[in-house]
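Participant: Generate a structure from the sequence data that follows.
(2 chains)
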Amino acid sequence: MEAKHKKYNYKEVLTAGIFKENPIFKLLLSLCPALGVTAVLVNSVGLGVIILVSLIMTNTIIAIVGKFVPDEIRIPAYITIIAGVITIMEMMVHAFMPDLFAALGVFLSLVVVNCIIMGRAEAFAAKNTVLASIYDAIGNGLGIIFALAVIAFFREFFGRGFVDFGFFRLNVFPQEYAIGFLVQPMGAFLMLGIIVGIMSTIAVGKNNQKKAALKSQKTATTKAKG
Amino acid sequence: MNFPLKPAPHTKVGNRHEDIVATVIKAALFVAVWAIYNRFMVFGIETAAHVALMILVACTASTIAHLGFHMAMDALEKKSFTSFKERIAPYKHKIRTGETVVTGLILALAMQPTAHLYVVAIVAIFAEIIGKLIYGGYGQNIFNPVAVGLIFNALTFGGTVLTVGYLPDIITQPTPLAALTTANWIMTPQELANYFANTGGIINMFLGTVPGSVGETSRLALLVALGYMCYKKVADWVTPIFYMGTVYVIMLVYGFIIGAGFWYPVAHLLTGGIVFGAVFLASDPITTPINRQGKVIFAVGLAMFTLLIRLTASPTEGVAFSILLMNMLTPLIDSKTANVTTENTNKKIRSSAIAFAIATVVVIGFTVLTQL
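Facilitator: Numbers count the residues shown, from 1 in each chain, chains lettered A, B, ... in the order given. All right, here's what the predicted structure looks like:
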């Protein structure tokens, strides 16, 4: 009832998922694909696109259905919807992109239990209008693609010595100098940790700057008063 | 009454942070100089020069990593400084105390003398930043930075294709450790005698004139370094001695079971990094338990994991892995032995004996089971 009268700032809904509430870097959700498939840039962007499309579909369906589903059974209902959508996606990928299907393996099916899809359904789509939910899905999906691409880019850059964009291969340094640790599974934890650490340090810096600005403002006002 | 409680900054003996670092650096430098001299006498000037370069590169890389990390943090956090002098003051202090160098120095000693200088630099930077600085710097790390660097080296550059062109061929001959590993650690007394003869004899292995890691090979220099650190009360003798002693006793029993004879445990102590790990990694006051009861349990567990990895797992050397495993257990050991200094001696002896018995049974049982 309330949702209809709510006014949305659609730009804010869209950008919140990409930067301010980035699912992987800020909320540390959906880490399974972030750690599992980011050894290769092309695969991780492929999985990101799959998550984006499935997120749009689930968010739309759940925004429509959300008002009719009784509260007691909403989680099973959402899980059924999500599982159905992901199964369709999986079959489509298997049919039209067999290479990607083979590369992703089990991680494609694991999108069903991806926290961010369930999380957006529960936290946003169930309470808001269809259009806002679609915007939210696009924002969060783009945020996931961005995060996966960043992690995979740096892992491939340092771990292999080249970055494969699919259509173009960027050779950076000879392969025997590459730090192979980073393309191994534990390298994913390390790279994710480093990137999250850098981002939180930047946040600390912004806070410090704000504090300094406030301080100088206060001293200026007291001086003006004096 | 005597309460031998030993918290990390040893205020009782007046050792400050700078003194601890300086003592460790002096001990490591002694081992380094001995290693360079050894390489010069046995393998020639090229090898000695390469070893010296390795040590230099490692120290430089870890210093640059340390200062670079702090500068990057200052820049990202947008800290405000009133003057340039205030900005560089902490860095000057860090360089003067030598805490930026100590990780790289010990790390260079633990690496193979054939290591490429690029590998040395990358591993030193990794150990300094991931092993130490992200936890908050010297004294805050939960894992031994040198062990972190060694494992990173083993996982990343283990099968490296990088080679150093100017080294003579003799240095790439198999180390005594590799020879024992290819024999699957099982030997008859005759084979053992042949093995000692082939590798140059027990005396040479003790003095360090055999192939192996830079600082690991000379057991004499390492024991002198340990003695110096214990004399300065920077290291406690309990962990290293119990570590080596447990390895010796368990392997003595195991040697009798497989019929290898009395000298079998000596082969274990004289190959690989057990003595090095005991002297420079296990004696680190930051990442090991605080009181002596905890240190004994730590050392026994260390010996257990080292021998298990040696005898049954695929990596040839398990010292760094076992150090990290026991570092993880250090808070648990500390909490369980918190009040033990005030309890009676019988209880301490009993718990040490239980730890020792568990270690012996696990190592021997597991090894014998896997070889059936």
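
Participant: Tell me which residues touch the most centrally placed residue in chain A, please.
Facilitator: With distances taken as Cα atoms, centre = their mean, residue A:144 lies nearest the centre of chain A, 2.2 Å away. Neighbour list for residue A:144: A:23-24, A:30, A:33, A:48, A:51-52, A:116 [criterion: Cβ atoms under 8 Å, 6 or more residues apart in numbering or on different chains]. In this view, the C-beta of every residue, glycine as well, is placed from N, C-alpha and C.

Participant: Let's test this: name the helix or strand in chain B with the lowest mean pLDDT.
Facilitator: helix B:176-182 (a mean of 73; mean pLDDT, DSSP states H and E).

Participant: next structured bit after that one?
Facilitator: Per DSSP states H and E, the first helix or strand lying C-terminal to helix B:176-182 is helix B:189-198.

Participant: Quick check: next helix or strand after that following helix?
Facilitator: helix B:201-207.

Participant: Using the three-state scheme, assign the most far-flung residue of chain B relative to its centre.
Facilitator: Distance from the C-alpha centroid of chain B peaks at residue B:82, with 42.3 Å (Cα atoms, centre = their mean). Three-state call for residue B:82 (DSSP: H, G, I helix; E, B strand; the rest coil): coil.

Participant: Would you state the strands of chain A in chain order?
Facilitator: A:162-164, A:169-171 (DSSP state E).

Participant: Could you single out the most deeply buried of those strands?
Facilitator: strand A:162-164 (a mean of 16; mean count of other Cβ atoms under 10 Å in any protein chain shown).

Participant: so how far is stretch B:28-36 from its chain's centroid?
Facilitator: Mean-position distance between stretch B:28-36 and its chain equals 15 Å (Cα atoms, centre = their mean, to the nearest Å).

Participant: Next, the buried residues of it.
Facilitator: Buried positions in stretch B:28-36, judged by neighbour count with 16 or more other Cβ atoms under 10 Å in any protein chain shown: B:28, B:30-32, B:34-36.

Participant: residue ranges with poor pLDDT in chain A?
Facilitator: The model of chain A has pLDDT under 70 over residues A:1-6, A:225-226.

Participant: do you know how far residue B:133 is from residue B:77?
Facilitator: To residue B:77, residue B:133 is 14 Å away according to Cβ to Cβ, to the nearest Å.

Participant: which of these two has more neighbours?
Facilitator: Per other Cβ atoms under 10 Å in any protein chain shown, whichever of residue B:133 and residue B:77 has more neighbours is residue B:133, with 22 against 17.

Participant: I'd say that one and residue B:71 touch.
Facilitator: No: Residue B:133 lies out of contact with residue B:71 (Cβ atoms under 8 Å); the separation is 11.8 Å.

Participant: doesn't residue B:108 make contact with residue B:120?
Facilitator: Yes: under the criterion of Cβ under 8 Å, residue B:120 makes contact with residue B:108 at 6.3 Å.

Participant: Find residues that contact each of these two.
Facilitator: B:54, B:57-58.

Participant: can you list the residues you listed in CSV and add neighbour count, secondary structure and distance to residue B:321?
Facilitator: Below are these laid out as CSV (neighbours: other Cβ atoms under 10 Å in any protein chain shown; DSSP: H, G, I helix; E, B strand; the rest coil; distance: Cβ to Cβ, whole Å):
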residue, neighbour count, secondary structure, distance to residue B:321
B:54, 30, helix, 23
B:57, 20, helix, 25
B:58, 31, helix, 21
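
Participant: Mind picking the lowest-pLDDT entry from those?
Facilitator: Within those, residue B:54 has the lowest pLDDT, namely 92.

Participant: List the contacts of that one.
Facilitator: By Cβ under 8 Å, 6+ apart, the neighbours of residue B:54 are B:108, B:111, B:113, B:115, B:117, B:120, B:214.

Participant: hang on, the earlier thing: and the buried residues of stretch B:28-36 as a markdown table, adding secondary structure?
Facilitator: Below are these laid out as a markdown table (three-state DSSP):
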| residue | secondary structure |
| --- | --- |
| B:28 | helix |
| B:30 | helix |
| B:31 | helix |
| B:32 | helix |
| B:34 | helix |
| B:35 | helix |
| B:36 | helix |
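
Participant: Farthest pair within those?
Facilitator: Farthest pair in the buried residues of stretch B:28-36 (Cβ to Cβ) is B:28 and B:36. Separation: 12.6 Å.

Participant: now for the strands of chain A, which one comes closest to chain B?
Facilitator: strand A:162-164 (16.2 Å; Cβ to the nearest Cβ).

Participant: Just give the closest residue to residue A:183, not the sequence neighbours.
Facilitator: Once flanking residues are discounted, residue A:183 sits nearest to residue A:159: 3.7 Å by Cβ to Cβ, 6 or more residues apart in numbering or on different chains.

Participant: Tell me, what's the model's pLDDT at the closest residue to residue B:116 other than its chain neighbours?
Facilitator: Leaving out its chain neighbours, the residue that sits closest to residue B:116 by Cβ to Cβ, 6+ apart is residue B:162, at 4.0 Å. We have a pLDDT of 70 for residue B:162.

Participant: I figured residue B:162 hits residue B:118, correct?
Facilitator: Yes: with contact defined as Cβ under 8 Å, residue B:162 counts as touching residue B:118 (6.7 Å).

Participant: Tell me the residues that contact both of these two, please.
Facilitator: Counting by Cβ under 8 Å, 6+ apart, the residues touching both residue B:162 and residue B:118 are residue A:177.

Participant: Okay, now the unreliable bits of the stretch 251-372 of chain B?
Facilitator: Low-confidence segments of the stretch 251-372 of chain B (pLDDT under 70): B:315-316, B:340-343, B:372.

Participant: Please, where are all the strands along it?
Facilitator: Along the stretch 251-372 of chain B, no stretch is classed among the strands by DSSP state E, counting those that start in this stretch.

Participant: contacting residues around the residue of it found nearest chain A?
Facilitator: Closest contact between the stretch 251-372 of chain B and chain A, by Cβ to the nearest Cβ, is at residue B:324 (12.6 Å). By Cβ under 8 Å, 6+ apart, residue B:324 lies in contact with B:143-144, B:147-148, B:151.

Participant: Residue A:136 too?
Facilitator: Neighbours of residue A:136 in contact, by Cβ under 8 Å, 6+ apart: A:13-14, A:16-17, A:59, A:120, A:124-125, A:128.
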